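Colleague: Here is the input, now give the coordinates:
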Amino acid sequence: MNTFIIEHIQKELSMYLWAGRLLIGVALIHLCLALASVIPHLAVLAPDGLLGVIGAPWHPPHLDRQAAFWSSLGSFAGTQLLWGIWIMSTARAGHRFPRGTGLALLVLTAVQVTLAPLSGFWVNFIPALLLMSGDVPARGVCADQATQ
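Modeller: Numbers count the residues shown, from 1 in each chain. Predicted coordinates:
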C-alpha cells in the first residue's frame, strides 16, 4: 500500500473515533443532567418504590413520572451511548461501517432538532458529518483500495 492510502485510512479512523467519542460524550452528559434532575425528586416520583412506577402509558396521574423516565433512562441517550461504543470498537478493529450509517444519524438528528430545537441534539450533527465523510473515498483512491 502506498503512503497516500495509509494516510487516508488513518484519517478516516480518526474521524470515526471522534464521532464515537462525541456520541458517547453527549449521551453521558444527557444522562447525568437528566438523572441529576430526577434523583432529588425520586421520593415524590416513586413513593412506593421503583417497580411499576411508570404505570400505563401517558395516563394523566403519572405524567410527571413518565416525563422523568423518558427524559432520563428511557431516552435516546442509552441507545446513543451504545451506538458510540459500537462506532469506536468497529473503527478500532479496522472494519468499515455499513454505508449510510452517518446519513441515518443525520436524518435522525434532523428530526430530533425539528421536534426539539432548543436542545443538545444539534451536537449530533458533528458525528453524523464525520461518519458521512468517511463514506466518501479520497480522491485518487478507488473504493477497493481504501477497504484493503
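
Colleague: Tell me which residue is most central in the chain.
Modeller: Gln80 (3.0 Å; CA atoms, centre = their mean).

Colleague: Please enumerate the helices of the chain.
Modeller: Taking DSSP state H as the test, the helices found in the chain are 3-38, 42-45, 63-71, 77-92, 101-115, 125-135, 143-147.

Colleague: Pipe those helices into JSON lines and attach distance to Leu51 and mean pLDDT per row.
Modeller: All C-beta spots, glycine's among them, are computed from the backbone N, C-alpha and C. Shown next, in JSON lines, are the helices of the chain (distance: least, CB to CB, whole Å; pLDDT from 0 to 100):
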{"stretch": "helix 3-38", "distance to Leu51": "17", "mean pLDDT": "81"}
{"stretch": "helix 42-45", "distance to Leu51": "13", "mean pLDDT": "70"}
{"stretch": "helix 63-71", "distance to Leu51": "13", "mean pLDDT": "71"}
{"stretch": "helix 77-92", "distance to Leu51": "20", "mean pLDDT": "91"}
{"stretch": "helix 101-115", "distance to Leu51": "31", "mean pLDDT": "93"}
{"stretch": "helix 125-135", "distance to Leu51": "36", "mean pLDDT": "88"}
{"stretch": "helix 143-147", "distance to Leu51": "49", "mean pLDDT": "46"}
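
Colleague: Deepest in the core, which of the ones you listed is it.
Modeller: When you average the neighbours per residue for each of the helices of the chain (mean count of other CB atoms under 10 Å), helix 125-135 leads with a mean of 19.
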